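Engineer: I would like to see how this sequence folds:
(one chain, ligands or ions: 1)
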Amino acid sequence: MTQDSKWTRQLRYQSYEDWPSDYLGQLKEKVAHSPWRQHYHIQPESGLLNDPNGFSYYNGRWQLFYQYYPMGPVHGLKSWYHLSSKDLVHWESHGIALEPDSPYDSHGVYSGSALPVGNQLFIFYTGNARDDNWQRHPYQVGAWMDKDYQFTKIDPPLIGTVEEGYTDHFRDPQIFPYQDGYLMILGAQTEALKGQILVYQSDDLKDWNFLGPLQLTSGDSAYMMECPNYVKVDGQDLLIFCPQGLDQDELNYQNIYPNTYLSSESIDWENLTLSKPSALKNLDDGFDVYATQAFNAPDGRALAVSWLGLPDLTYPDADWGWTSVMSLVKELHFDQGHLYQRPVKEMESLRQTPIAIEETLESGQAWTYDPEDNAYEINCSLAADSKLDFLVMSDEKEAAALHIDVDVPAGRLKVTRTEQGELVNPEYGPVRKSHFKGGEDLQLQIFIDASSFEIFVQDGYRVLSGRIFPKKGQNQLIIKGSGRLGGRIYPLENINK
Ligand code: FRU
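Structural biologist: Numbers count the residues shown, from 1 in each chain. Here you go, the predicted model:
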């Protein structure tokens, strides 16, 4: 692809100052003309967004950062971009927070986490440095953010070396309080090329003791665990991570890399074992979810946010000088041993005057809605005997659309991306399926936003998320099949104007 050939290594890692002074302005101009810009999801002003970082609550506001390369829609020299919010929906941009400006992060300020400590926000990230032979040297670096959003990196790094027996794939620290001190988990790879989650402990944030790898009962076939994340959810310990190279025999997944979770009755952080661990599961049954970061908020909620994108893939938005978006913020719950993910309640503030649906459809009939924009929420209930196909962003001929095909008696939901021209990573297949308990009324909540969708099935029992790149004229919602459905469609406010 031309995008890739243009983006030589030298260009990707060229310092921001070395770009022509009018370059970014021109790029942003191109981005502004792009179709597919989101109405209510976080998206980069230009270039590439990837992992959420440092999701936290500090200074009376939600704080969120993300991996950012401003100069183009490719993985280049990464910074942390900073946003904050009062309500998890309207985000104020504060620009680049942490830049690759030290010898310890010369080739990227990579992923990490944040925790309020005293009256500051403590940040723990991976500094990605490379030497003249392009050999990688990962450093785990600390930084402080104060109430004026000023940043001070701690020099030297808190962890300056890779532990014995591990490769340079050693990154993504997540810090959380433990007893009177702190724990940190880190994604790593052994010299035998096995993925592991390592645990460190500190009393004072300065000295970090290596405790060893967590004894996971599954995920053994992975060669690297990216973005490990620990959060407590309704009394369960939840570990979220991205096991790259995971064997399909261990978990059925279709994406290039899965974003998975394990729950445990409790994690023993002294012995590094999990008591009564669950099987390894996919966090999302859709196409594009990765690097999910979750934390225990001071209001008692467990909140999560994901990158709606995947490493090593290219998406059509890149043709317009930008790529990738963030998911909505999701609230996590455990109920009868099952993880639920629901969009935060605050999302309701974007709802505009609803359109009511109360329909009984028979085979051959269709219900059609012509929204002003592809930016709305479908919130409805399907009767237990319904078999309905939702064609989202459909053209008039129904040739191109996102099909959300729901067979309630069978307990199966199938999402198919049928497109004209703009195929999204077809090598990983155009279909994703998800299962739920059939034969009961089904609650569906679907968020559509210009080039993304998030489907919450049975109150968050399953989630399927992804990107979709409609062409001009793909703006109808058509519901076909047989069954009964009742509920509302809410156009959602454009807050990204
Ligand atoms: C995951 C990841 C992290 C790394 C970051 C770099 O998508 O590869 O492991 O810290 O992205 O942007």
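Engineer: got the phi/psi numbers for the residue in the stretch 201-350 of the chain that the ligand sits nearest to?
Structural biologist: As assessed by CB to the nearest ligand atom, the ligand sits closest to residue 226 within the stretch 201-350 of the chain, at 3.9 Å. Quick note: C-beta positions are derived from backbone N, CA and C, even for glycine. Residue 226 adopts backbone torsions of phi -90, psi 150, taken as degrees, to the nearest 10.
Engineer: just give the nearest non-adjacent residue to it, would you?
Structural biologist: Counting by CB to CB, 6 or more residues apart in numbering, residue 226 lies nearest to residue 242, which is 4.1 Å off, once chain neighbours are set aside.
Engineer: ok but that neighbour is inside a strand, no?
Structural biologist: Yes - counting by DSSP: H, G, I helix; E, B strand; the rest coil, residue 242 is part of a strand.
Engineer: hmm, it is touching residue 258, no?
Structural biologist: Yes - using CB atoms under 8 Å, residue 242 makes contact with residue 258 at a distance of 6.9 Å.
Engineer: apart from its chain neighbours, what residue comes closest to residue 171?
Structural biologist: residue 126 (3.8 Å).
Engineer: now do the SS call for that neighbour.
Structural biologist: strand.
Engineer: and what of residue 26?
Structural biologist: helix.
Engineer: what of the one 10 residues further on?
Structural biologist: Classification of residue 36 by three-state DSSP places it in coil.
Engineer: could you do residue 10 as well?
Structural biologist: helix.
Engineer: around it, count how many other residues there are.
Structural biologist: Residue 10 sits with 7 neighbouring residues when counted by other CB atoms under 10 Å.
Engineer: pLDDT score for it?
Structural biologist: For residue 10, the pLDDT comes out at 96.
Engineer: where's it relative to residue 288, distance?
Structural biologist: Taking CB to CB, to the nearest Å as the measure, residue 10 falls 29 Å from residue 288.
Engineer: repeat for residue 27
Structural biologist: 23 Å.
Engineer: which of these two has more neighbours?
Structural biologist: Neighbour count, other CB under 10 Å: between residue 27 and residue 288, residue 288 has more, with 27 against 21.
Engineer: residues contacting that one?
Structural biologist: 255, 308-310, 465-467 (CB atoms under 8 Å, 6 or more residues apart in numbering).
Engineer: just put the residues you listed in CSV and tack on secondary structure.
Structural biologist: CSV is the format used below for those (three-state DSSP):
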residue, secondary structure
255, coil
308, strand
309, coil
310, coil
465, strand
466, strand
467, strand
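Engineer: and of those, the nearest to residue 334?
Structural biologist: residue 465 (20.2 Å; CB to CB).
Engineer: so residue 279 makes contact with residue 216?
Structural biologist: No - counting by CB under 8 Å, residue 279 does not reach residue 216; the two are 11.7 Å apart.
Engineer: overlap of the contact sets of the two?
Structural biologist: Between them, residue 279 and residue 216 share the contacting residues residue 262, judged by CB under 8 Å, 6+ apart.
Engineer: look at these two and report which has more neighbours.
Structural biologist: residue 216 (22 against 11).
Engineer: pLDDT weak spots in this protein?
Structural biologist: 1-4, 420-422 (pLDDT under 70).
Engineer: which residue is nearest the middle of it?
Structural biologist: residue 306 (1.7 Å; CA atoms, centre = their mean).
Engineer: and the helix or strand harbouring residue 405, C-alpha only, in PDB?
Structural biologist: Assigned by DSSP states H and E, residue 405 falls within strand 401-407. Extracted in PDB, the C-alpha atoms of strand 401-407 (Å, rounded to 0.1, in the frame of the first residue of the first chain):
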ATOM      1  CA  ALA A 401     -24.400  -2.300   5.000                       C
ATOM      2  CA  LEU A 402     -23.500  -3.500   8.400                       C
ATOM      3  CA  HIS A 403     -25.700  -6.500   9.000                       C
ATOM      4  CA  ILE A 404     -26.600  -7.200  12.600                       C
ATOM      5  CA  ASP A 405     -28.500 -10.500  12.200                       C
ATOM      6  CA  VAL A 406     -30.200 -11.600  15.400                       C
ATOM      7  CA  ASP A 407     -31.700 -15.000  15.900                       C
END
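Engineer: run through the neighbouring helices and strands of the longest strand along the chain.
Structural biologist: As assigned by DSSP state E, the longest strand anywhere in the chain is strand 476-491. Contacts defined by 3 or more CB pairs under 8 Å, 6 or more residues apart in numbering; DSSP states H and E place strand 476-491 against strand 355-361, strand 366-369, strand 375-382, strand 387-394.
Engineer: buried ones in the third one?
Structural biologist: Spelled out, that is strand 375-382. 375-380, 382 (16 or more other CB atoms under 10 Å).
Engineer: in CSV: those, plus distance to residue 103.
Structural biologist: Output for the buried residues of strand 375-382, formatted as CSV (distance: CB to CB, whole Å):
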residue, distance to residue 103
375, 45
376, 49
377, 47
378, 51
379, 52
380, 55
382, 58
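Engineer: from those, which is closest to the ligand?
Structural biologist: So of the buried residues of strand 375-382, ranked by how close each gets to the ligand (CB to the nearest ligand atom), first place is residue 375, at 26.9 Å.
Engineer: with adjacent residues omitted, what lies nearest to that closest one?
Structural biologist: Nearest non-adjacent residue to residue 375, counting by CB to CB, 6+ apart: residue 39, 3.9 Å away.
Engineer: how much space separates the one you found from residue 330?
Structural biologist: Residue 39 is 18 Å from residue 330, by CB to CB.
Engineer: residues of the stretch 101-250 of the chain that sit close to the ligand?
Structural biologist: 110-111, 126, 171-172, 226-227 (CB under 6 Å from any ligand atom).
Engineer: apply 8 Å and report the result again.
Structural biologist: Residues of the stretch 101-250 of the chain lying near the ligand by CB under 8 Å from any ligand atom: 108, 110-112, 126, 128, 171-172, 187, 226-227, 242.
Engineer: looking at the residues you listed, spot the one nearest residue 433.
Structural biologist: For those, the nearest to residue 433 is residue 242 (21.1 Å; CB to CB).
Engineer: burial of that closest one, as a residue count?
Structural biologist: Residue 242 has 28 nearby residues by other CB under 10 Å.
Engineer: from residue 163, how far off is it?
Structural biologist: From residue 242 to residue 163 the distance is 20 Å (CB to CB).
Engineer: same check, this time on residue 217
Structural biologist: Counting by CB to CB, the gap from residue 217 to residue 163 is 22 Å.
Engineer: all strands of the stretch 151-300 of the chain, in order?
Structural biologist: With strands called from DSSP state E, counting those that start in this stretch, the stretch 151-300 of the chain shows them at 151-153, 166-178, 181-190, 195-202, 209-213, 224-233, 236-244, 260-264, 266-268, 273-275, 281-282, 290-296.
Engineer: correction: the stretch 1-150 of the chain
Structural biologist: Under DSSP E, counting those that start in this stretch, the stretch 1-150 of the chain gives strands at 47-58, 61-69, 79-85, 91-98, 109-117, 120-130, 136-145.
Engineer: include mean neighbour count and distance to residue 367 when you put these into JSON lines, please.
Structural biologist: Putting those into JSON lines (neighbours: other CB atoms under 10 Å; distance: least, CB to CB, whole Å) gives the following:
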{"stretch": "strand 47-58", "mean neighbour count": "25", "distance to residue 367": "35"}
{"stretch": "strand 61-69", "mean neighbour count": "24", "distance to residue 367": "37"}
{"stretch": "strand 79-85", "mean neighbour count": "22", "distance to residue 367": "36"}
{"stretch": "strand 91-98", "mean neighbour count": "17", "distance to residue 367": "34"}
{"stretch": "strand 109-117", "mean neighbour count": "24", "distance to residue 367": "43"}
{"stretch": "strand 120-130", "mean neighbour count": "23", "distance to residue 367": "49"}
{"stretch": "strand 136-145", "mean neighbour count": "22", "distance to residue 367": "50"}
